[in-house]
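Peer 1: No letters, just coordinates:
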């Protein structure tokens, strides 16, 4: 649990450069027409010779010559005439060549964006696959917190917020697709390169109170004094308890009275809370106390003081242990612990029409239990979605999920540093009070 005291005011693939595939009209189909006039038949020139007869015998050489000639002619007539020889085909017409096809162009990976430098942090570009457990979160549960943050968007978020407001993710897959399409993940680290930090928790206390002082309800909660802005710093916690001038300045500024100074302390550490308040007529109302200012004194951890005093071990100085110690301590010793922290927080009362609505954080939007965190605004701007990789309080069980940067706190300083909002009530108090876990952090920012 860390002090709240928030500040006021709050690559796609490339097209392949190749020619289109050849269509049928790009290819020339041509039929070669052969001649239909037959070549002269050889048999037509020699068939008339086959009709010669021997005639009468001739005497002497002439007779022998005639016989030889007749024999030659008969032999020629016995040979089958050759088949008609086709006319030689003309050479085929040339087919126009297809346009050359460019070699495929290899897709290029977009160059990684340069690192982003903020006053207290450095952001390095990351890939979605580097976010541990990214596919396991109930991403659609972020939407109420995302829409709340978009009511006061950070610079550069107007377009994404408009599309997020019009988009109602039907399931976690659609929500993840939207975020991956719209946003670029960045690993958050310190300016010196440290990637591991600290996650603590806070909650909204619920305190029983009375509108008028009465037995058992004698410790007041105050609005800001009229001269708070003129006197810097204002009276310390010890001075408020001991100096008449401080008591005079606070007279008439009481909102309500509670049973124990520990109730006041927890409300001041958390920066806001709820009162179940009894009115003078005996009726009860549930109201909210919102942060309205502080005395401009430094915050000092009462847990650290108890460790230094030897009252608590370093690994056990959480809020449940501090409360238990205070309830058992002698009044003088309890007062010493309270005075060790000079900072005092003042409140304003607000109606609570919707009990499900969380308190307003430094972004001036309602916080969402389990989906809102406090950050150092010099490292992460308000309204930034974050992916956190940490563990459950006093456990090694992973706590990996989407959250929104919507608040800050006095002790929330540095790059890899969050205060996780657990919600309202006793269970939230137990979880928040015990949370002090290692943290890795990614910011999601518009492309």
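Peer 2: It's in. Keep in mind it's a predicted model, so treat the numbers as computed, not measured. Numbering: from 1, shown residues only.
Peer 1: shaky segments in the protein?
Peer 2: 1-112 (pLDDT under 70).
Peer 1: any idea how it splits into domains?
Peer 2: By the assignment in the TED database, the chain contains the domains 116-201+361-446, 204-351.
Peer 1: Dump those domains into CSV; add mean neighbour count as well.
Peer 2: Every residue, glycine included, has its C-beta placed from N, CA and C. Output for these, formatted as CSV (neighbours: other CB atoms under 10 Å):
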stretch, mean neighbour count
domain 116-201+361-446, 19
domain 204-351, 17
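Peer 1: quick one: contacts for residue 201?
Peer 2: Residue 201 makes contacts with 1, 2, 393, 419, 420, 421, 422, 431, 432, 433, 434, 435, as judged by CB atoms under 8 Å, 6 or more residues apart in numbering.
Peer 1: The third one in helix, strand or coil?
Peer 2: What that stands for is residue 393. Assigned with DSSP: H, G, I helix; E, B strand; the rest coil, residue 393 falls in the coil class.
Peer 1: Show me where the stretch 151-300 of the chain has its strands.
Peer 2: Ranges of strands within the stretch 151-300 of the chain are 183-189, 197-204, 206-210, 219-222, 254-258, 273-278, 284-294, based on DSSP state E, counting those that start in this stretch.
Peer 1: Make TSV out of those strands and add distance to residue 331.
Peer 2: Shown next, in TSV, are the strands of the stretch 151-300 of the chain (distance: least, CB to CB, whole Å):
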stretch	distance to residue 331
strand 183-189	45
strand 197-204	27
strand 206-210	20
strand 219-222	12
strand 254-258	16
strand 273-278	24
strand 284-294	25
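Peer 1: Compare these and report which one is nearest to residue 317.
Peer 2: strand 197-204 (12.0 Å; CB to CB).
Peer 1: about what we covered before: and which of the contacts of residue 201 is nearest to residue 166?
Peer 2: The closest of the contacts of residue 201, once distances to residue 166 are taken by CB to CB, is residue 421, at 26.7 Å.
Peer 1: element containing that closest one, please.
Peer 2: Using DSSP states H and E, residue 421 sits within strand 417-424.
Peer 1: Quick check: neighbours of that strand in the sheet, parallel or antiparallel?
Peer 2: strand 197-204 (parallel), strand 372-374 (antiparallel) (DSSP bridges).
Peer 1: Report the inter-axis angle for the longest one versus strand 273-278.
Peer 2: To tie it back to what came earlier, the one meant is strand 197-204. On the basis of axes from the mean of the first three to the mean of the last three CA atoms, to 10 degrees, strand 197-204 is oriented at 20 degrees to strand 273-278.
Peer 1: Compute the inter-axis angle for strand 197-204 and strand 284-294.
Peer 2: Using the same axes, to 10 degrees: strand 197-204 against strand 284-294 is 140 degrees.
Peer 1: quick check, distance from strand 197-204 to the centre of its chain.
Peer 2: Put simply, strand 197-204 sits 21 Å off its chain's centre (CA atoms, centre = their mean, to the nearest Å).
Peer 1: hang on, the earlier thing: out of the strands paired with strand 417-424, the one nearest residue 169 is which?
Peer 2: Closest approach to residue 169 among the strands paired with strand 417-424 is made by strand 372-374 (18.7 Å; CB to CB).
Peer 1: And the contacts of the closest one?
Peer 2: With CB under 8 Å, 6+ apart as the criterion, strand 372-374 contacts 2, 4, 6, 145, 202, 358, 361-362, 386, 388, 403-409, 412, 418-421.
Peer 1: nearest spatial neighbour of residue 285, skipping sequence neighbours?
Peer 2: Distances taken as CB to CB, 6 or more residues apart in numbering put residue 277 closest to residue 285, at 5.5 Å, once the chain neighbours are dropped.
Peer 1: mind listing what that neighbour touches?
Peer 2: Taking CB under 8 Å, 6+ apart as the test, what residue 277 contacts is 209, 210, 211, 256, 284, 285, 286, 287.
Peer 1: just those now: which is nearest residue 121?
Peer 2: Closest approach between those and residue 121, by CB to CB: residue 287, at 37.2 Å.
Peer 1: hang on, isn't the closest one packed against residue 353?
Peer 2: No - counting by CB atoms under 8 Å, residue 287 does not reach residue 353; the two are 10.7 Å apart.
Peer 1: circling back to that earlier point, next secondary structure after the strand holding residue 421?
Peer 2: Heading C-terminal from strand 417-424 (DSSP H and E), you reach helix 426-434.
Peer 1: Over to the closest residue to residue 376 other than its chain neighbours: give its phi and psi.
Peer 2: In this structure, residue 376 finds its nearest non-sequential neighbour in residue 413, 5.0 Å apart by CB to CB, 6+ apart. With angles defined as degrees, to the nearest 10, residue 413 sits at phi -130, psi 150.
Peer 1: was I right about residue 413 contacting residue 375?
Peer 2: No - counting by CB under 8 Å, residue 413 sits too far from residue 375 to count as a contact (9.6 Å).
Peer 1: quick one: contacts for residue 355?
Peer 2: Contacts of residue 355 (CB under 8 Å, 6+ apart): residue 286.
Peer 1: Now do it against residue 149, distance only.
Peer 2: 21 Å (CB to CB, to the nearest Å).
Peer 1: Ok, residue 274 next?
Peer 2: Taking CB to CB, one finds residue 274 at 22 Å from residue 149.
Peer 1: Then residue 222?
Peer 2: 31 Å.
Peer 1: related to what we said a few turns ago, for residue 231, which of the strands of the stretch 151-300 of the chain is the nearest?
Peer 2: strand 284-294 (12.0 Å).
Peer 1: List the contacts of that closest one.
Peer 2: Residues from elsewhere that reach strand 284-294, judged by CB under 8 Å, 6+ apart: 4-6, 8, 221, 223-224, 228, 255, 267, 271-279, 343-352, 355, 359-360.
Peer 1: if I look at the residue lying closest to residue 210 once chain neighbours are set aside, how far off is residue 261?
Peer 2: Once flanking residues are discounted, residue 210 sits nearest to residue 217: 4.0 Å by CB to CB, 6+ apart. Computed as CB to CB, the residue 217 to residue 261 distance reads 12 Å.
Peer 1: what's the answer for residue 245, then?
Peer 2: Counting by CB to CB - residue 245 and residue 261 are separated by 21 Å.
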